[in-house]
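**Q** show me how the following folds:
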Amino acid sequence: MPLLSRRDHKKKDPFRDATLFIIVCEGSNREPEYFEYFDRLSARIKVKAVANIDGKSSPKHMVNNASVTVDQIVLDGGDYSLWIVIDTDHWIKQGHIPQLKKSCDEQNWNLAISNPCFEVWLNFHLSSRQPEKSIELCKTWKTFLDKHDTEFSHETLPALIETAIINSKKHFQQKGFLPEPGSTQVFKLAQQIWPLVEKVLK
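**A** Residues are numbered from 1 along each chain as shown. Below is the predicted model of the structure:
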């Protein structure tokens, strides 16, 4: 089945009660481009994907980006669902993620962590196998994906979101609030997006 490219699909005018997702991303390209795919894919959904600014991707900067974005676009106090999407990578070693979790809980925001990288989530769109758990090998794997970006294109890959939900849930494990290596919590965000775009993608 051919995948739906956003170039072939006209954005819908959203309903007044369309669900607004504010998704604050650690990355500057791959993650925000992935989530922007879903913006007005149907009239039931709006997505504002927030990339890092000037390469500042620490959890502290992500919390600030989230607050600024809410102040800018939620002008009438309307409903929205805010998610911070982050990798463990080196942040877990520096002890920043527990504080980020605390900030999200205080603001009633959602947190989706991938261990060790966002590419764990991308893997599950195309494979039912769990990716390599070694952080060192994952770094090599990320380079591999960059060289084969047509296969992992943000123009078409998100259309397989249902497959990614199924595959990532099958392998999901976590200890405390952190996913185990080779696991990702992004499926929790995807489960909220999927019902709003299912008819279009089916």
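**Q** I'd say residue 154 and residue 33 touch.
**A** Yes - counting by Cβ atoms under 8 Å, residue 33 is a contact partner of residue 154 at 3.8 Å. Every C-beta, even on glycine, is put in place using the N, C-alpha and C of the backbone.
**Q** run a quick neighbour tally on residue 53.
**A** 12 (other Cβ atoms under 10 Å).
**Q** check what pLDDT the closest residue to it other than its chain neighbours gets.
**A** Computed as Cβ to Cβ, 6 or more residues apart in numbering, the closest residue to residue 53 that is not its neighbour in sequence is residue 65, at 6.6 Å. At residue 65 the predicted local confidence, pLDDT, stands at 93.
**Q** I figured residue 65 hits residue 24, correct?
**A** Yes - Residue 65 lies in contact with residue 24 (Cβ under 8 Å); the separation is 5.3 Å.
**Q** hey, what's in contact with both of these two?
**A** residue 50 (Cβ atoms under 8 Å, 6 or more residues apart in numbering).
**Q** who has more neighbours, the two?
**A** residue 24 (28 against 20).
**Q** give me the contact list for the helix or strand where that one lies.
**A** Assigning secondary structure by DSSP states H and E places residue 24 in strand 19-25. Here strand 19-25 makes contact (Cβ under 8 Å, 6+ apart) with 31-32, 35, 38, 44-52, 62, 65-66, 69-70, 73-74, 78-85, 189, 192-193, 196.
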